[in-house]
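Novice: What follows is a predicted protein model with its sequence.
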Amino acid sequence: MKYAASRLDPVKPSASAWVSQAAKAAIAAGEDVIDLGLGEPDFDTPPHIIEAAHRAALNGETRYPPTNGTVVLRQAVVDKLARENALTYGLDEVIVSNGAKQVLFNAMMATLEPQDEVLLCAPYFGQYKDIVLILGGTPVELICPATDGFILKPDALRAAITPKTRWIMLNLPSNPAGAVYSDDDLRALGQVLDDHPDVLILSDEIYEHILFDGRSFLSFAAANAQLKDRTLTVNGVSKAYAMTGWRIGYGAGTAPLIAAMTKVQSQICSGACAIAQAAAAAALNGPQDEVRRFNAAFEARRNLVVDHVARIDGLTLDPPQGAFYALIGCAALIGATTPDGTTLANDADVTAYFLKAAGIAAVPGSAYGLEPFFRISTAASEAVLSTAMTRLASAVAALQ
Ligand code: PLP
């Protein structure tokens with residue numbers, strides 16, 4: 001008996017979740033494994049946010065919330081977008097969901113017709129592709145090589161747009177490469193999109209606050225005011241406030257799009273957890289010093305990993321400019337032989353070797369549409385990262 005519907009056939013389970021589960025199973029079995037698979041801050045949620053949740057629960061905020069989010073949180077989002085991103089939205093132009101992931105799913109579910117094309121900038125966050133596949137759309141992968149800084153060039157965008165193109169997905173800064181678009185890069189993409197009025201833009205800005213070397217952040221819709229009605233800005237509290245388990249994300253866009261997404265959400269869940277929404281409002285409205293402290297820690301860890309990789313023959317890494325990952329090039333390892341005689345044919349073999357030989361869980365670049373690379377999360381302490389990098393260096397040195 002086949003239980004899964006055929007629409008799931010092309011969909012793979014999330015690679016980072018799978019790698020992390022394998023690492024956890026190995027750790028539970030007593031193996032010495034460092035899990036750098038999952039993209040999750042290792043910090044605790046700041047106490048004032050937890051206290052806000054506690055107060056909300058004691059105050060009786062324990063009933064179904066409005067499907068599109070509580071007024072308090074949507075107002076906090078409206079205020080945040082105005083204050084930090086120079087974007088003006090009304091309460092009916094914001095939806096709150098169970099994480100940015102659900103915002104992405106709602107948006108695609110609400111808008112995609114079968115075979116509609118969605119442009120993805122490879123390397124991309126794997127979920128973008130799988131949501132499109134689940135919904136019967138066609139993901140179109142645009143390769144953004146390391147030589148271009150892993151960003152999409154305007155000519156490549158122009159060449160990829162067809163009458164079937166429904167969305168272009170952008171991720172600023174990007175997971176997994178930590179790539180950042182300059183203000184001019186964003187405007188240049190906007191100019192191409194000006195000529196294609198039927199294409200929607202999804203700007204996933206969940207790593208907005210994790211930005212290095214003194215860079216400042218510009219939202220796609222702020223860089224391209226003329227495209228604001230066609231842009232869905234996606235964000236959430238998971239990464240900036242160390243709140244991955246609270247599951248709160250939000251989207252801002254034109255009211256008819258948000259209404260369609262709310263219709264989807266009303267059939268999936270009755271909105272996001274009311275208590276977590278109170279916590280997220282406290283995060284957005286409250287002091288932001290912890291966000292800055294987290295960012296400084298992520299930058300120091302980025303530096304540590306870049307320094308280590310520079311000393312490992314066979315690996316390459318241009319310093320990530322944001323987010324908390326390192327997408328490390330391993331082309332020189334392909335074709336090498338491990339001490340037990342296995343030939344490394346691709347980056348999945350490389351990560352399997354690292355898990356076995358070095359006890360390091362990393363995700364192959366193929367999961368993000370670009371080979372041969374592997375991604376490690378740098379959201380681990382400097383001590384853990386130092387040990388991990390030393391072990392990786394030994395594993396690479398042991399290859400023939
Ligand atoms: N977008 C990107 C680019 C991500 O990397 C992630 C999480 O890894 C998400 C969205 C999902 O975040 P959330 O925890 O809000 O669902």
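Specialist: On my side now, so go ahead.
Novice: going forward, measure contacts and count neighbours with C-alpha atoms only.
Specialist: OK.
Novice: Return the longest helix in this protein, judged by number of residues.
Specialist: Longest helix of the chain, by residue count under DSSP state H: helix 289-310.
Novice: name the helices or strands packed onto it?
Specialist: Here helix 289-310 is seen to pack against strand 325-329, helix 382-397 when contacts are counted using 3 or more C-alpha pairs under 8 Å, 6 or more residues apart in numbering; DSSP states H and E.
Novice: So which of those is nearest the ligand?
Specialist: The ligand lies closest, by C-alpha to the nearest ligand atom, to one member of those: strand 325-329, at 9.6 Å.
Novice: what distance separates the closest one from the middle of the whole chain?
Specialist: Distance, stretch centre to chain centre, for strand 325-329: 14 Å (C-alpha atoms, centre = their mean, to the nearest Å).
Novice: Could you do stretch 84-91 as well?
Specialist: Chain-centre distance of stretch 84-91: 22 Å, with C-alpha atoms, centre = their mean.
Novice: ditto for stretch 6-13
Specialist: On C-alpha atoms, centre = their mean, the centre of stretch 6-13 falls 21 Å from that of its chain.
Novice: for stretch 176-192, same thing?
Specialist: Mean-position distance between stretch 176-192 and its chain equals 16 Å (C-alpha atoms, centre = their mean).
Novice: In this structure Ile50 contacts Ala279, no?
Specialist: Yes - at 6.4 Å, Ile50 counts as touching Ala279 under the criterion of C-alpha atoms under 8 Å.
Novice: Who has more neighbours out of those two?
Specialist: Ala279 (27 against 20; other C-alpha atoms under 10 Å).
Novice: Look at the more buried one and report its pLDDT.
Specialist: For Ala279, the pLDDT comes out at 98.
Novice: same thing with the one 4 residues further on?
Specialist: In this model, Ala283 is scored at 98, pLDDT.
Novice: Please, which helix or strand holds it?
Specialist: Assigned by DSSP states H and E, Ala283 belongs to helix 274-285.
Novice: Name the residues of that helix that are buried.
Specialist: Across helix 274-285, burial judged by 16 or more other C-alpha atoms under 10 Å covers 274-284.
Novice: Same question for stretch 68-79.
Specialist: Quick answer for stretch 68-79 (16+ other C-alpha under 10 Å): 68-70, 73-79.
Novice: In helices, which of the residues you listed fall?
Specialist: Secondary structure defined by DSSP H assigns 73-79 of the buried residues of stretch 68-79 to helices.
Novice: Looking at these, which is nearest the ligand?
Specialist: Val77 (14.1 Å).
Novice: ok, that closest one - contacts?
Specialist: By C-alpha atoms under 8 Å, 6 or more residues apart in numbering, Val77 lies in contact with 94, 250, 281, 284.
Novice: Quick check, pLDDT for it.
Specialist: Listed pLDDT for Val77 reads 98.
Novice: ok, now how distant is it from Ile258?
Specialist: As judged by C-alpha to C-alpha, to the nearest Å, Val77 and Ile258 stand 14 Å apart.
Novice: Now tell me what touches stretch 325-334 from outside.
Specialist: 39, 175-178, 302, 305, 314-317, 319-320, 343-347, 350, 365, 372-379, 396, 399.
Novice: got the buried residues for that stretch?
Specialist: In terms of neighbour count (16+ other C-alpha under 10 Å), stretch 325-334 has its buried residues at 325-330, 333-334.
Novice: mean confidence for it?
Specialist: Stretch 325-334 comes out at a mean pLDDT of 98.
Novice: Show the subsequent helix or strand relative to the strand or helix carrying Asp184.
Specialist: Following DSSP H and E, one finds Asp184 within helix 183-194. Per DSSP H and E, the first helix or strand lying C-terminal to helix 183-194 is strand 200-204.
Novice: And the closest residue to the ligand within the stretch 251-400 of the chain, its phi and psi?
Specialist: Closest approach between the stretch 251-400 of the chain and the ligand, counting by C-alpha to the nearest ligand atom: Ala323, at 8.5 Å. With angles defined as degrees, to the nearest 10, Ala323 shows backbone torsions of phi 60, psi -180.
Novice: Now for it: which residues touch it?
Specialist: Ala323 sits next to 173-176, 178, 207-208, 210-211 when contact means C-alpha under 8 Å, 6+ apart.
Novice: Also Asp32?
Specialist: By C-alpha under 8 Å, 6+ apart, the residues touching Asp32 are 26, 359.
Novice: separation between it and Thr387?
Specialist: Shown here: Asp32 relative to Thr387, a distance of 12 Å by C-alpha to C-alpha.
Novice: Kindly report the same for Leu120.
Specialist: Going from Leu120 to Thr387 by C-alpha to C-alpha gives 34 Å.
Novice: which of these two has more neighbours?
Specialist: Taking other C-alpha under 10 Å, Leu120 and Thr387 do not tie; Leu120 has more neighbours (25 against 13).
Novice: if we can go back for a sec, considering only the contacts of stretch 325-334, which also neighbour the ligand?
Specialist: Near the ligand, judged by C-alpha under 6 Å from any ligand atom, the entries from those are 39, 175.
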